[in-house]
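Asks: task: produce atomic coordinates for the following.
(chains A, B, C and D)
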Number of protein chains: 2
Amino acid sequence: MENFKEFIIEGRDAFVPCLSLDCVIFGFHSGQLKILLLKMRYDELWALPGGFVYKDEDVDAAAARILRERTGIKDIFLQQLHVFGDPNRSDSKRNKNILEKDGFENGQGDWLTERFITVGYYALVDFSKVELAIDYSSEICEWQDLTSIPSLIMDHSCILKTALERLRKEINYQPIGLNLLPAKFTMPELQSLYEAILGKKLDRRNFQRRMLGYGLVNRLTETRKGGAHKAPYLYTFNNEKYKQALEEGLQGGW
Amino acid sequence: MENFKEFIIEGRDAFVPCLSLDCVIFGFHSGQLKILLLKMRYDELWALPGGFVYKDEDVDAAAARILRERTGIKDIFLQQLHVFGDPNRSDSKRNKNILEKDGFENGQGDWLTERFITVGYYALVDFSKVELAIDYSSEICEWQDLTSIPSLIMDHSCILKTALERLRKEINYQPIGLNLLPAKFTMPELQSLYEAILGKKLDRRNFQRRMLGYGLVNRLTETRKGGAHKAPYLYTFNNEKYKQALEEGLQGGW
DNA sequence: TCAAAAGTGTTTTCTTTACACCCATGG
DNA sequence: CCATGGGTGTAAAGAAAACACTTTTGA
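Replies: Alright, predicted model coming up:
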């Protein structure tokens, strides 16, 4: 399916009917939490990256495939968020309009105007590793600041809101950062990530004590030079302990 | 759809294709956590109560309907659990066998042998209010002890396991009990519910202090008489505070 | 040399845990 | 009258929060 026409014609038989996936992809750059959004053709609305499940494909695997196609990243932190199943969540009129504008007739794309149930996912990715790719249904694919999200199609704002709430909740019980930060990072950077997610300031000293206490990060002898002021140490995550913590959970809230 | 034949014939057009719902329904009785299971016809396997989503129906509303039909309870605590989307999770052979044994031919029930994606839900209900109803695809509907669950069809054991893990996790952040206990209950009963969910013993005194500290329960002047030994006080939940706690969350783990 | 950011430790407060005694009831 | 379960409080340990000074660096 290399182009939109193929997608429309073959999609009816290739995909599980009435089911879509939408992904809230979080990234972190220069102290800001970002979200990957697509600008839709024919109007001013944006959308979460999404797609469909092939008839023989695992649902979670489909979400991973969609993310990979879009960001180029293979090992991605990806979690189911919620099923959005309101019968009125789809915008049939809008979809019909797009199909007409693209010259589809005789109900070729009718499968797309059905009521769709979507599985929302959320993903955490290393901003610096992402290579964005646009596809046939969008004209722009870019990172948007969490603090200035444009209008989104259908119920995508709701999905985004749910994802952010989930992330803010999970940060209390799960280690966060391995997937959002580059391999080497400083403690202030990690703290700034936490502050961006939580939307509030944290105490530098208590933050560091807690992080070191978890034993999830290793301090390197290197420091991050080049900034004005004292050079902070670089850290890496301890992958084994991180994985373990993902399974067993952490404790204590922020 | 009052009988199985109608269900098979009309189901194809009435339901969202390839999508099912399955519910893990928890109840609590005489110190034991129970789960509602259905005995399937034609073999020794049991199943979680489940169903399908009408084409015009909200997914969560469908889950509530299925629970209502099965237990007679209207206001139910019901939460999405997870989407189970392995393409091999369905057991097409088994379903075909059942259709054949029931005398369906010419592919009348073929829609049922497709690959299905299921949305797992979990529900907490007041054991004493439930009035069980069997349906056309099962011969027995009954509460089973969590400690002695029989073999289940397809991936239902996995769904059950996920639900129990979720419940054990949520008990740390959410109030639990309003939906599982009768209107009036004693503190030892509430504690016994927590112990059944967590699978471990808790300290009587610390448990009570914490529960009272949350302010979610009101002590009545009544006591539960009739038991041997000292009569324990009865409590009720404070519905407003309980709802509030459900939204805002509690803190502290068990 | 100084402003701004980073490193480090201690005190206080609160939360959680552990633990023991008295009371009421039915058998 | 006594065995059993239910009610209550307190002391100790551990976790979280508050807080100040010193070090490094580039401008």
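Asks: and the longest strand anywhere in chain A, which strands flank it?
Replies: Using DSSP state E to define each element, chain A has its longest strand at strand A:15-29. Next to strand A:15-29 in the sheet, as set by DSSP bridges, lie strand A:32-40 (antiparallel), strand A:50-54 (antiparallel), strand A:117-124 (parallel).
Asks: quick one: mean pLDDT over the longest one.
Replies: Strand A:32-40 comes out with an average pLDDT of 95.
Asks: repeat that for the last one.
Replies: If you average the pLDDT over strand A:117-124, you get 98.
Asks: residue A:95 reaches residue A:112, doesn't it?
Replies: Yes. Counting by C-beta atoms under 8 Å, residue A:112 is a contact partner of residue A:95 at 5.5 Å. No exception for glycine: its C-beta is placed from N, CA and C like everyone else's.
Asks: those two - which one has more neighbours?
Replies: residue A:112 (21 against 18; other C-beta atoms under 10 Å in any protein chain shown).
Asks: for that one, give me its contacts.
Replies: A:8, A:11, A:95, A:99 (C-beta atoms under 8 Å, 6 or more residues apart in numbering or on different chains).
Asks: between those, which is closest to DNA strand C?
Replies: Using C-beta to the nearest atom of the strand, residue A:95 is the member of the contacts of residue A:112 that sits closest to DNA strand C, with 48.2 Å.
Asks: picking that back up, drop anything exposed from the contacts of residue A:112.
Replies: Buried subset of these (neighbour count, 16 or more other C-beta atoms under 10 Å in any protein chain shown): A:8, A:11, A:95, A:99.
Asks: mind giving me the domain split of chain A?
Replies: A:4-170, A:185-248 (automatic domain parsing).
Asks: could you give the mean pLDDT of the last one?
Replies: Right, the one you point to is domain A:185-248. 95.
Asks: residues contacting the residue nearest to residue A:70 when sequence neighbours are not counted?
Replies: Nearest non-adjacent residue to residue A:70, counting by C-beta to C-beta, 6 or more residues apart in numbering or on different chains: residue A:49, 4.9 Å away. Residue A:49 sits next to A:22-23, A:25, A:36-38, A:66-67, A:70, A:141 when contact means C-beta under 8 Å, 6+ apart.
Asks: run the last query once more with 10 Å
Replies: Taking C-beta atoms under 10 Å, 6 or more residues apart in numbering or on different chains, we find residue A:49 in contact with A:21-25, A:35-38, A:66-67, A:69-71, A:121, A:123, A:132-133, A:135, A:138, A:141.
Asks: Produce a PyMOL select command limited to the buried residues of those residues.
Replies: Command for PyMOL that selects the buried part of those, burial taken from 16+ other C-beta under 10 Å:
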select buried, chain A and resi 21+22+23+24+25+35+36+37+38+66+67+70+71+121+123+135+138+141
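Asks: ok, the residue positioned nearest the centre of chain A - contacts?
Replies: What sits nearest the mean C-alpha location of chain A, by C-alpha atoms, centre = their mean, is residue A:25, with 1.1 Å. Going by C-beta under 10 Å, 6+ apart, residue A:25 touches A:34-37, A:48-49, A:66-67, A:70-71, A:73, A:76, A:78, A:121-125, A:130, A:143, A:163.
Asks: look at residue A:228 and give its secondary structure.
Replies: coil (DSSP: H, G, I helix; E, B strand; the rest coil).
Asks: over to residue A:13?
Replies: Under three-state DSSP, residue A:13 comes out as helix.
Asks: might one say that it is in contact with residue A:111?
Replies: Yes. Taking contacts as C-beta atoms under 10 Å, residue A:13 lies within contact range of residue A:111: 8.9 Å.
Asks: between these two, which is the more surrounded one?
Replies: residue A:111 (16 against 9).
Asks: mean neighbour count, the strands paired with strand A:15-29: which tops it?
Replies: strand A:117-124 (a mean of 25; mean count of other C-beta atoms under 10 Å in any protein chain shown).
Asks: which residues of the stretch 51-200 of chain A fall in helices?
Replies: A:59-71, A:92-101, A:156-170, A:187-198 (DSSP state H, counting those that start in this stretch).
Asks: I'd like the contacts of residue A:112 as JSON lines, with distance to residue A:57 and pLDDT appended.
Replies: Output for the contacts of residue A:112, formatted as JSON lines (distance: C-beta to C-beta, whole Å; pLDDT from 0 to 100):
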{"residue": "A:8", "distance to residue A:57": "19", "pLDDT": "93"}
{"residue": "A:11", "distance to residue A:57": "13", "pLDDT": "95"}
{"residue": "A:95", "distance to residue A:57": "23", "pLDDT": "89"}
{"residue": "A:99", "distance to residue A:57": "24", "pLDDT": "91"}
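Asks: chain B: which of the residues you listed is nearest?
Replies: Proximity to chain B was ranked across those by C-beta to the nearest C-beta; first place goes to residue A:11, at 14.5 Å.
Asks: right, is stretch A:232-239 up against DNA strand C?
Replies: Yes. Judged by C-beta under 7 Å from any atom of the strand, stretch A:232-239 comes into contact with DNA strand C at A:232-233.
Asks: how about that stretch and DNA strand D, any contact?
Replies: No. Stretch A:232-239 stays clear of DNA strand D (C-beta under 7 Å from any atom of the strand), getting no nearer than 9.7 Å.
Asks: could the domains of chain A go into TSV alongside distance to residue B:238?
Replies: Below are the domains of chain A laid out as TSV (distance: least, C-beta to C-beta, whole Å):
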stretch	distance to residue B:238
domain A:4-170	24
domain A:185-248	30
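Asks: and those, which is most packed in?
Replies: On a mean-neighbour basis (criterion: mean count of other C-beta under 10 Å), the most buried of these is domain A:4-170, at a mean of 18.
Asks: what about that one, start to end distance?
Replies: End-to-end distance for domain A:4-170, by C-alpha to C-alpha, to the nearest Å: 37 Å.
Asks: can you tell me how far the closest residue to residue A:130 other than its chain neighbours sits from residue A:250?
Replies: In space, not counting the residues next to it along the chain, residue A:130 is nearest to residue A:71; the distance is 4.5 Å by C-beta to C-beta, 6+ apart. Using C-beta to C-beta, to the nearest Å, we find residue A:71 at a distance of 27 Å from residue A:250.
Asks: then residue A:43?
Replies: Counting by C-beta to C-beta, the gap from residue A:43 to residue A:250 is 43 Å.
Asks: quick one, what contacts the residue of the stretch 51-200 of chain A at minimum distance from DNA strand C?
Replies: Proximity of the stretch 51-200 of chain A to DNA strand C (C-beta to the nearest atom of the strand) peaks at residue A:188, 3.4 Å away. Residue A:188 is in contact with A:31, A:195, A:204, A:207-208, A:224, A:227, A:232-233, counting by C-beta under 10 Å, 6+ apart.
Asks: distance of the residue of chain A most remote from its centre from residue A:42?
Replies: In chain A, residue A:106 marks the outermost C-alpha relative to the chain mean, sitting 35.9 Å out by C-alpha atoms, centre = their mean. Residue A:106 is 21 Å from residue A:42, where distance means C-beta to C-beta.
Asks: over to residue A:79?
Replies: Taking C-beta to C-beta, one finds residue A:79 at 32 Å from residue A:42.
Asks: does stretch A:166-186 come close to DNA strand D?
Replies: No. For stretch A:166-186, no contact with DNA strand D is found by C-beta under 7 Å from any atom of the strand; the gap never falls below 9.9 Å.
Asks: is DNA strand C contacted by that stretch?
Replies: Yes. Legend: contact between stretch A:166-186 and DNA strand C by C-beta under 7 Å from any atom of the strand is shown at residue A:186.
Asks: quick one: end-to-end length of that stretch, please.
Replies: End-to-end distance of stretch A:166-186 (C-alpha to C-alpha): 25 Å.
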